[in-house]
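Participant: model this:
(one chain, ligands or ions: 2)
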Amino acid sequence: MQFNDPRPTGGPPVPALALLAAVYPPHLSDLPTPPSTPVRPARPFVTLTYAQSLDGKIAGPGGTQLQLSGPESMRLTHHLRVLHDSILVGVGTVLNDDPQLTARLPSLLPLSQQPRPVILDSSLRTPPTCKLLVNAQRGISHGVTIVHRALSATSEEDEDLRRRAADLERAGARLIPLEPDEHGLLPLSALLSHPHASHLLGRSLMVEGGARIIASCLAAPPPGIVDLVIVTVAPVLVGEDGVSAVAPRKAGQGAPPRLEHVRTELFGQDSVVVVRPVYEGVEGEGGAA
Ligand SMILES: NC(=O)C1=CN([C@@H]2O[C@H](COP(=O)(O)OP(=O)(O)OC[C@H]3O[C@@H](n4cnc5c(N)ncnc54)[C@H](OP(=O)(O)O)[C@@H]3O)[C@@H](O)[C@H]2O)C=CC1
Ligand SMILES: Nc1nc(O)c(N)c(N[C@@H]2O[C@H](COP(=O)(O)O)[C@@H](O)[C@H]2O)n1
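Facilitator: Ligands and ions are numbered 1, 2, ... in the order given. Here you go, the predicted model:
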């Protein structure tokens with residue numbers, strides 16, 4: 001995790017940096033580390049973050065991408081991208097938004113300050129021409145990791161997937177196969193404990209959505225997989241046809257955890273709410289303690 005957007009010396013405090021310094025464990029930033037702070041986390045520190053309307057929507061009807069965050073909270077999101085070693089979205093967001101997931105404050109920061117992009121994409125639907133892959137080819141963002149369901153080397157059923165895998169590898173993607181869980185989803189917990197997790201994800205992962213990924217993050221069974229949730233709430237209404245922030249749970253998925261309030265701050269007109277999931281009987285700040 002990096003925290004190297006310089007704090008102005010002698011200038012006014014930058015609200016986004018002040019908030020992050022207050023809510024992040026210091027050993028995960030380049031802030032001074034107290035000697036007692038543990039430095040070998042069991043898994044990456046995970047921040048789940050997104051922007052929603054007052055009526056709980058993250059996108060418009062049919063998934064239309066909406067600019068919900070105002071400039072001040074958007075700046076916070078870009079500081080978060082700098083702060084984390086890696087950034088994850090679901091393939092639904094890639095297909096719908098074609099996001100870049102780069103840190104821009106407001107201009108594009110150097111590669112050393114960019115998070116490593118990761119896509120959860122069981123059937124390799126990511127287009128080889130998407131901005132994430134093209135940016136990596138241009139050297140302005142890191143190579144993209146695509147996590148997909150394990151393929152059979154021979155079955156006819158998987159022939160299409162093998163072809164898409166080859167196309168994506170030619171476009172520069174690194175493919176990581178995982179066995180889907182009982183809900184047919186790629187288990188985030190298995191990704192976090194993958195033998196190459198520290199290389200792929202670094203010390204910290206920012207999960208940006210969309211709705212199904214948010215739901216899976218919150219439904220993970222104890223001890224959970226999310227350490228911090230940071231939600232920007234914009235003072236707008238999208239209406240009932242919009243995409244709800246948390247997709248309905250799949251049958252058998254766990255109930256969401258209790259949330260402990262950490263901080264709420266105003267960024268321009270938006271409220272930024274920081275909470276920590278709490279699982280009864282589980283101590284500390286998740287696997288990253
Ligand atoms: N306002 C905001 O902050 C944000 C808004 N958005 C909005 O969200 C919408 C996209 O959300 P959505 O359609 O739900 O797509 P997601 O980005 O949540 O991707 C969901 C897809 O990811 C795959 N997947 C693989 N493993 C998992 C897992 N463990 N849990 C959940 N999904 C998994 C599935 O596809 P498969 O089975 O093929 O693998 C699934 O359909 C867009 O409208 C976008 O604009 C997105 C991000 C942030
Ligand atoms: N923080 C925040 N506020 C909003 O209003 C948003 N719509 C989003 N969306 C997320 O950002 C992605 C686009 O990123 P790039 O600008 O292309 O880098 C989008 O896919 C969502 O994940 N976030």
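Participant: Trp177 contacts Ser152, doesn't it?
Facilitator: Quick fix: residue 177 reads Pro, not Trp. No: Pro177 lies out of contact with Ser152 (C-beta atoms under 8 Å); the separation is 10.6 Å. For every residue, glycine as well, the C-beta is placed using N, CA and C.
Participant: Between those two, which contacts overlap?
Facilitator: Common neighbours of Pro177 and Ser152 (criterion: C-beta atoms under 8 Å, 6 or more residues apart in numbering): none identified.
Participant: Surely Gly70 is in contact with Asp270?
Facilitator: Yes: if you go by C-beta under 8 Å, Gly70 and Asp270 touch, sitting 5.3 Å apart.
Participant: Among the two, which residue is more densely surrounded?
Facilitator: Asp270 (24 against 17; other C-beta atoms under 10 Å).
Participant: From Glu182, how far out is that one?
Facilitator: To Glu182, Asp270 is 38 Å away according to C-beta to C-beta, to the nearest Å.
Participant: again with Ala51
Facilitator: With distances taken as C-beta to C-beta, Ala51 is found 31 Å from Glu182.
Participant: same thing with Val14?
Facilitator: From Val14 to Glu182 the distance is 45 Å (C-beta to C-beta).
Participant: Looking only at neighbour counts, state which of these two leads.
Facilitator: Each of Val14 and Glu182 has its neighbours counted (other C-beta under 10 Å); Val14 has more, 18 against 9.
Participant: contacting residues for whatever residue of the stretch 151-289 of the chain ends up closest to ligand 2?
Facilitator: The nearest approach of the stretch 151-289 of the chain to ligand 2 comes at Glu208, 4.0 Å away (C-beta to the nearest ligand atom). Taking C-beta under 8 Å, 6+ apart, we find Glu208 in contact with Thr49, Tyr50, Ile87, Leu88, Val89, Thr93, Pro99, Leu101.
Participant: so who does the fifth one touch?
Facilitator: Contacts of Val89 were listed using C-beta under 8 Å, 6+ apart, and they are Pro99, Leu101, Pro117, Val118, Ile119, Leu120, Val207, Glu208, Gly209, Gly210, Ile213.
Participant: Name the surrounding residues that touch stretch 185-204.
Facilitator: Against stretch 185-204 from outside (C-beta under 8 Å, 6+ apart): 1, 28, 41, 43-47, 83-86, 116, 118, 120, 122, 145, 147-149, 174, 176, 178-181, 205, 216-217, 220, 225, 250, 287-288.
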